[in-house]
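Novice: Sequence and predicted structure below; questions after.
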Amino acid sequence: MEKAISAVQDIFTDQINDPANPMRSDLDRDGLFELAANIKQNGLINPITVRPVADRFEVVAGHRRLGACRIAGLIRIPCVVRELTDEQAFAVMTAENLERADVPLLDECRHYKAAIERFGKTLEEIAKAAKRSVSYIQSRLAIADMPDYLQNYLQSGDIKLGAALALTQITDESRRRVWTDMAVRDGVSVAQAEYWLHGWVMNQLPDGSNSSVPPEGYESGVPPVVKFECAVDGKKYDARQFKTVMVWEGNLEMLTAVLMKLRDPSDSESVPPRDYPNKDPLQ
């Protein structure tokens, strides 16, 4: 059961350990020096939270502040000391870090995954502790399970989150890697990535066929283009570029004959004479 040893007490900084399982994998060095300068000028306004570990202490909330205090040369700092189990410390760390907007995406995702692996937490329990929706936690856990290259692309901003979530559903690793590298190269939209996923899923059905190359007519960053066949030359074009032409139904046979001539100039008999009667082709 949690019990506070003391409201606030001063503790030597060299007696405080960094967290055994920090939520942040790396502390921004420039940000630490800025915070250290502020602490030198104004002191540590908000005490950090620590818990007793053997004959020392472990920081639970305030890892960045502890690092800045060390840079600032502070020997002793005010701390709130609390008796916390590993699970309780994990919960406090989560709440303290998620109040800030600068927690790296991958650190947040791995933190949620650790909550399940280390403490057997359910999605609902994690969502409640993090004050997030269950679907939000599910998406973060999906990111935590992504291959390293996809996580690195997300971390660097080379691929959109929605596109990565679509591509990660492709279970054929070799093909997923091909499509992911193409998505980064061409900057594809979420809609395009979902289109690729749909195509891959369809290819898993009976009589489907796999392909590691883009679909025909692929255009970077946009959904697939719908194409119609032109009646004049038999080629396919963007459906948005088609025009409506008004033709009286009595001239349909003549129009068909003209189109046949255009497609096969060698067939001289396919073109009707000038006095071709405008009769109803249905009669």
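Specialist: That came in fine, so what should we check first?
Novice: and I77, what are its phi and psi?
Specialist: phi -140, psi 150 (degrees, to the nearest 10).
Novice: so who does it touch?
Specialist: Residues in contact with I77 (CB atoms under 8 Å, 6 or more residues apart in numbering) are D10, I11, T13, L44, P47, I48, L66, C69. Every C-beta, even on glycine, is put in place using the N, C-alpha and C of the backbone.
Novice: Please apply the same query to V201.
Specialist: Counted by CB under 8 Å, 6+ apart, V201 has zero contacts.
Novice: just checking, it is part of a helix?
Specialist: Yes. Counting by DSSP: H, G, I helix; E, B strand; the rest coil, V201 is located in a helix.
Novice: A36 belongs to a strand, doesn't it?
Specialist: No. A36: not assigned to a strand; according to three-state DSSP it is helix.
Novice: What distance do you get for it to R64?
Specialist: According to CB to CB, to the nearest Å, A36 and R64 sit 10 Å apart.
Novice: before we move on, the earlier item: which of the contacts of I77 ranks first by neighbour count?
Specialist: C69 (25 neighbours; other CB atoms under 10 Å).
Novice: ok, and the closest non-adjacent residue to that residue?
Specialist: I77 (5.1 Å; CB to CB, 6 or more residues apart in numbering).
Novice: quick one: that neighbour and N46, what's the gap?
Specialist: Taken as CB to CB, the span from I77 to N46 is 11 Å.
Novice: now do I75
Specialist: In terms of CB to CB, I75 sits 19 Å off from N46.
Novice: what do you get for V92?
Specialist: 14 Å.
Novice: which one of the two has more residues nearby?
Specialist: V92 (18 against 10).
Novice: could you show me where the helices are in this protein, in order?
Specialist: Remark: helices assigned in the chain by DSSP state H are 29-42, 63-72, 86-98, 105-119, 123-130, 134-144, 148-156, 161-167, 173-186, 190-203, 252-263.
Novice: what sits up against the longest one?
Specialist: Helix 105-119 has contacts (CB under 8 Å, 6+ apart) with 21, 23-25, 86-87, 90, 94, 97-98, 121-122, 126, 129-130, 137, 140-141, 143-145, 151, 154-155, 161.
Novice: The second one now?
Specialist: With contact meaning CB under 8 Å, 6+ apart, helix 63-72 is reached by 13, 16, 18-19, 22, 24, 27, 31-33, 35-40, 44, 46, 48, 59, 77.
Novice: any low-confidence regions in the stretch 151-283 of the chain?
Specialist: 204-228, 238-246, 265-283 (pLDDT under 70).
Novice: Try it again at 80.
Specialist: The model of the stretch 151-283 of the chain has pLDDT under 80 over residues 174-175, 199, 202-234, 237-247, 249, 259, 261-283.
Novice: what about L98, neighbour count?
Specialist: Neighbours of L98 (other CB under 10 Å): 16.
Novice: circling back to that earlier point, pull out the buried members of the contacts of helix 63-72.
Specialist: Using 16 or more other CB atoms under 10 Å as the burial test, the contacts of helix 63-72 include T13, I16, P19, R24, L32, L35, A36, I39, L44, I48, V59, I77 as buried.
Novice: Let's have these in TSV, adding distance to E249 and pLDDT.
Specialist: Formatted as TSV, these follow (distance: CB to CB, whole Å; pLDDT from 0 to 100):
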residue	distance to E249	pLDDT
T13	92	91
I16	90	93
P19	81	85
R24	73	75
L32	80	86
L35	80	89
A36	85	90
I39	86	89
L44	88	88
I48	85	90
V59	84	91
I77	91	91
